[in-house]
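Have a look at this fold, sequence not included:
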């Protein structure tokens, strides 16, 4: 089974990486860019074959290690 | 319009961040994790209202700045 986790900063949390991207794109002449936010994606290969167990495990991983839940939101997708 | 860009390392390219995540999860007791890969997501707010123009612009942004096409693949999704 595979788990795809999207982690992004909560709305309102300052995103310096996103700002840098937006500014750099403007410098390159892409004037249509109003704003940019950067997040991360983690893809996990799991041994579990049970979707529910996988979902619960990955949620626990996010809470314990992968996401900083004070400033970040996460979404889990289980596939295969 | 919004553009969501997923950037990930090409298969076969060493991913030290992913390795660290997999090892850390194992240390925490999540033995079911066989492997992990980390990528990034960039969300752009665009002034353009034309989907085709947006797609072409964002592709150009990826080629010029956002992705390192030697070692990374990218996927663009245009929404709204």
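Received, thanks. Not measured: the values here are computed from a predicted model.

For the lengthiest strand in chain A, name the packing helices and strands.
Criterion DSSP state E: the longest strand present in chain A is strand A:33-46. Judged by 3 or more Cβ pairs under 8 Å, 6 or more residues apart in numbering or on different chains; DSSP states H and E, strand A:33-46 is in contact with strand A:2-9, helix A:16-27, helix A:51-61, strand B:2-9, helix B:16-27, strand B:33-46. Backbone N, C-alpha and C define where each C-beta goes, glycine included.

average pLDDT for the fifth one?
When you say that, I think you mean helix B:16-27. The predicted model assigns helix B:16-27 a mean pLDDT of 97.

cool, the fourth one as well?
This predicted structure assigns strand B:2-9 an average pLDDT of 97.

and what of the last one?
Strand B:33-46 shows an average pLDDT of 96 in the prediction.

Paired strands for the one helix or strand residue A:75 maps to, with orientation please.
Using DSSP states H and E, residue A:75 falls within strand A:72-79. Sheet pairing of strand A:72-79 (DSSP bridges) gives strand A:2-9 (antiparallel).

quick one: contacts for residue A:39?
Residue A:39 makes contact with A:6, A:7, A:8, A:9, B:40, B:41, B:42, B:43, according to Cβ atoms under 8 Å, 6 or more residues apart in numbering or on different chains.

Who's the closest spatial neighbour of it, skipping the chain neighbours?
Spatial nearest neighbour of residue A:39, chain neighbours left out: residue A:8 (3.5 Å); criterion: Cβ to Cβ, 6 or more residues apart in numbering or on different chains.

my read: the one you found touches residue B:41, true?
Yes: using Cβ atoms under 8 Å, residue A:8 makes contact with residue B:41 at a distance of 7.0 Å.

Let's verify the residue lying farthest from the centre of chain A: helix, strand, or coil?
Residue distances from the centre of chain A (Cα atoms, centre = their mean) peak at residue A:29, which lies 27.7 Å from the mean C-alpha position. Recorded secondary structure, residue A:29: coil (DSSP: H, G, I helix; E, B strand; the rest coil).
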